[in-house]
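> the following comprises the amino acid sequence and a computationally predicted model.
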Amino acid sequence: MEPTVTISARHVVKAFGQGSSSIRALDDVSVDIRRGEFFTLLGPSGCGKTTLLRLIAGFEAPTAGEILLDGADITRLPPNRRPVNTVFQSYALFPHLTVAENIGFGLRMQRRPAAEVKATTERMLALVKLDTLAGRRTSQLSGGQQQRVALARALAPAPKVLLLDEPLSALDLKLRKEMQIELKRLQMETGITFIFVTHDQEEALTMSDRIGVMSNGQLQQVGTPREIYTTPMNRFVAGFIGETNFLAGTAGPGAVVLQGGARVVAEHDRTGAVTLAIRPEQVRIVPAGEDGAIPARVRDLVYFGTTRIII
Amino acid sequence: MAERGFDVARLPGFASIAIAAFLALYVPILTLVLYSFNAGNSVALWQGFSLHWYGDAWNNDAVKSAAVRSLVIATCASAIATTVATMAALGTTRRRAFRGQTLIYVAINQPLMVPEIVTAVALLIVFGIVKTWTGYQGLGYLILAHSAFCVPFAYLPIRARLEGMDLSLETAAADLYATPWQAFRRVTLPLLAPGIVAGAMLAFVISLDDVVITEFVKSGGQDTLPTYMLGQMRRAITPEVNAISTALLALTVLLLTAFFLLTRKRE
């Protein structure tokens, strides 16, 4: 059975500015995001990933193309009429409201009964483990706690899709690791489709069901973390995800001849000039002259705690 | 040795100039307040302590009606000016930059730049025409005039507050199913409230204190406190004027203190 598609972007273009000075933040992007999956948009800053998120949320309208939610065109719907909620990079918590009031905001705007607002707020407080802080002002919370409030607030109205705009970037390393696990747990428990934007490849690899790698306003590759890592579609993806050595050479039958004359055994279907991408963990250090070895020199050793990276 | 930065406090004569400036600012006011308690009827010759000028002012029907008129005008004018200023501030900060934005900004703040006497003469002429057309002689003219020149005083703090506000809060409200009106009512307005209150109080004080425009626009028997005092000064100056001034000063200080406390709470 085909997995059901929740969000579908079709040939979406977003141009900022006018005439010759306009910049295409998104250049013909099409992607299907499946129900209940943890989908990550990964790319360097300025690649258009946040713009795509803002189009799905409805904060901006695309210049061309359309966005579908469960098959229905929502391209022109204002954000308050889309069952999609956002966790903002800056959290954007309401400073004049308490933690509980922040979490209940969406439900109150939907004019749900007071009893339901109260019950859902309490459930959300428990879900993000903030039960004891319900009456606090958000300015009295730590960064990690504010993050949890922002999450609970966006989850409370039970949206079909949760959008997360680099929500972990303001946290320190230890807290970020904790929140990564927390986010994954929340996504599994609620079953809501998460679309997560980040420029951190490790974050993307550890949390996502699928990743969409973006650069220059275009989707370079969509796939599972394993697919993206082991079979990158192009040089950008290979270079952006993980550490990679690029070696120029010429393709021959069953092997690639490097510029220095060394021969690397590889199965391929290419001819002519090619670039070999080699992950550092695929390299083994062997005595010179062994079968398949490339002559190399160890230049420096960098101590990295538990592992050593050999350059 | 690292060189110290320029420090104005280290210039020769800094302390004496500062003291002279403060004396120039506050000695006249202190004198005014002091002589409001003078038992005699001179504003320059001390003849013992008494509160009777306050009593006299309180029992003076002309003073009372002028005071009530001042308060009515200031209340109405600051309410109107604050409403207009709030809408103007929203219009100039919560939408895309548009052509002529600077022009609009200058136009809103016109009363800060055009000499008040020019506005006063202009209003005198225009209202004169309207009065003969309509026959209406009431307080409306004064309220309208005061509302107009109070707008920039209300506008500036409200605009400053709006510009300091995190725009993503309004986006978040919209994201959480708030209609544009709900987002304004539940997020923008509560966060804007200190700016609105500050603007209203500033407008109130400015209206309360106006002489020039009021003097030109008012019809017969429409004295406000400041114009009444001006009228008194033309005849004989008694400490009664000091007493009224002191009361006015107290009210102004009270409002401005509240204004500063409110704006300071911003961070």
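All right, it came through fine.
> the residue of the stretch 151-300 of chain A found nearest chain B: how many residues sit nearby?
Going by CB to the nearest CB, chain B is nearest to residue A:157 of the stretch 151-300 of chain A, at 6.6 Å. Using the backbone N, CA and C atoms, a C-beta is placed for each residue, glycine as well. When neighbours are counted by other CB atoms under 10 Å in any protein chain shown, residue A:157 registers 23.
> same question for residue A:21.
7.
> how far out from the middle of the chain is stretch A:159-178?
10 Å (CA atoms, centre = their mean, to the nearest Å).
> ok, and what's touching it?
Applying CB atoms under 8 Å, 6 or more residues apart in numbering or on different chains, the external contacts of stretch A:159-178 come out as A:6-7, A:33, A:50, A:53, A:56-57, A:69-70, A:83-91, A:143-144, A:147, A:150-151, A:154-155, A:179-180, A:183, A:187, A:192-200, A:203.
> coming back round to it: quick one: classify the residue of the stretch 151-300 of chain A closest to chain B as helix, strand or coil.
Of the three states, residue A:157 takes coil according to DSSP: H, G, I helix; E, B strand; the rest coil.
> what's near enough to touch it?
A:83, A:85, A:106-107, A:110, B:176-177.
> list only buried entries from these.
The neighbour count (16 or more other CB atoms under 10 Å in any protein chain shown) marks A:85, A:106-107, B:176-177 as buried among those.
> filter these down to the ones in strands?
residue A:85 (DSSP state E).
> could you work out the most separated pair of the buried ones among the contacts of residue A:157?
Spanning the widest gap among the buried ones among the contacts of residue A:157 are A:85 and A:107, at 11.3 Å by CB to CB.
> quick check: closest non-adjacent residue to residue B:178.
In space, residue B:178 comes closest to residue A:109 once its chain neighbours are excluded; the distance is 4.5 Å by CB to CB, 6 or more residues apart in numbering or on different chains.
> number of nearby residues for that neighbour?
20.
> swap in residue A:296?
12.
> now it, what are its backbone angles?
Dihedral pair for residue A:296: phi -150, psi 160, per degrees, to the nearest 10.
> residue contacts, it?
Residue A:296 touches nothing, counting by CB under 8 Å, 6+ apart.
> give me the pLDDT for it.
On pLDDT, residue A:296 comes in at 74.
> any idea how far residue A:288 is from it?
Per CB to CB, to the nearest Å, residue A:296 is found 9 Å from residue A:288.
> got it, and residue B:131?
To residue A:288, residue B:131 is 108 Å away according to CB to CB.
> between these two, who's got more neighbours?
Between residue B:131 and residue A:288, counting by other CB under 10 Å, residue B:131 is the more crowded of the two (13 against 8).
> surely that one touches residue B:137?
Yes: in this structure residue B:131 lies within contact range of residue B:137 using CB atoms under 8 Å: 6.5 Å.
> in which helix or strand would I find residue A:194?
In the assignment (DSSP states H and E), residue A:194 maps to strand A:193-198.
> does any part of that strand sit near chain B?
No: contact of strand A:193-198 with chain B (CB under 8 Å from any CB of the partner chain) is absent, the minimum separation being 13.6 Å.
> then stretch A:71-84?
Yes: Stretch A:71-84 reaches chain B (CB under 8 Å from any CB) through A:78-81, A:84.
> and that stretch, what's buried?
For stretch A:71-84, the neighbour count (16+ other CB under 10 Å) marks A:74-75, A:77, A:79-80, A:82, A:84 as buried.
> now pLDDT too, for the buried ones among the contacts of residue A:157, in CSV please.
What follows is these, written out as CSV (pLDDT from 0 to 100):
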residue, pLDDT
A:85, 95
A:106, 95
A:107, 95
B:176, 95
B:177, 95
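> so which of the buried ones among the contacts of residue A:157 are in helices?
Of those, the ones assigned to helices by DSSP state H are A:106-107.
> how about the buried ones among the contacts of residue A:157 in CSV, adding distance to residue B:230?
Output for these, formatted as CSV (distance: CB to CB, whole Å):
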residue, distance to residue B:230
A:85, 62
A:106, 58
A:107, 60
B:176, 56
B:177, 57
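> which of the buried ones among the contacts of residue A:157 lies closest to residue B:38?
For the buried ones among the contacts of residue A:157, the closest approach to residue B:38 (CB to CB) belongs to residue B:176, at 63.9 Å.
> contacting residues around the closest one?
A:80, A:85, A:105-106, A:109, A:153-154, A:157 are the contacts of residue B:176 under CB under 8 Å, 6+ apart.
> excluding chain neighbours, what is closest to residue A:100?
Leaving out its chain neighbours, the residue that sits closest to residue A:100 by CB to CB, 6+ apart is residue A:134, at 4.2 Å.
> that neighbour: neighbour count?
14.
> hang on, isn't it packed against residue A:99?
Yes: contact criterion CB under 8 Å: residue A:134 and residue A:99 qualify, at 5.5 Å.
> so what's the spatially most central residue of chain B up against?
Residue closest to the average C-alpha location in chain B (CA atoms, centre = their mean): residue B:206, at 1.9 Å. Residues near residue B:206 by CB under 8 Å, 6+ apart: B:149-150, B:153.
> what about it, distance to residue A:94?
When CB to CB is the yardstick, residue B:206 and residue A:94 sit 33 Å from each other.
> list the helices and strands the helix or strand harbouring residue A:275 packs on?
Using DSSP H and E, the element containing residue A:275 is strand A:272-278. Packed against strand A:272-278 by the contact rule (3 or more CB pairs under 8 Å, 6 or more residues apart in numbering or on different chains; DSSP states H and E) you find helix A:235-240, strand A:245-252, strand A:255-258.
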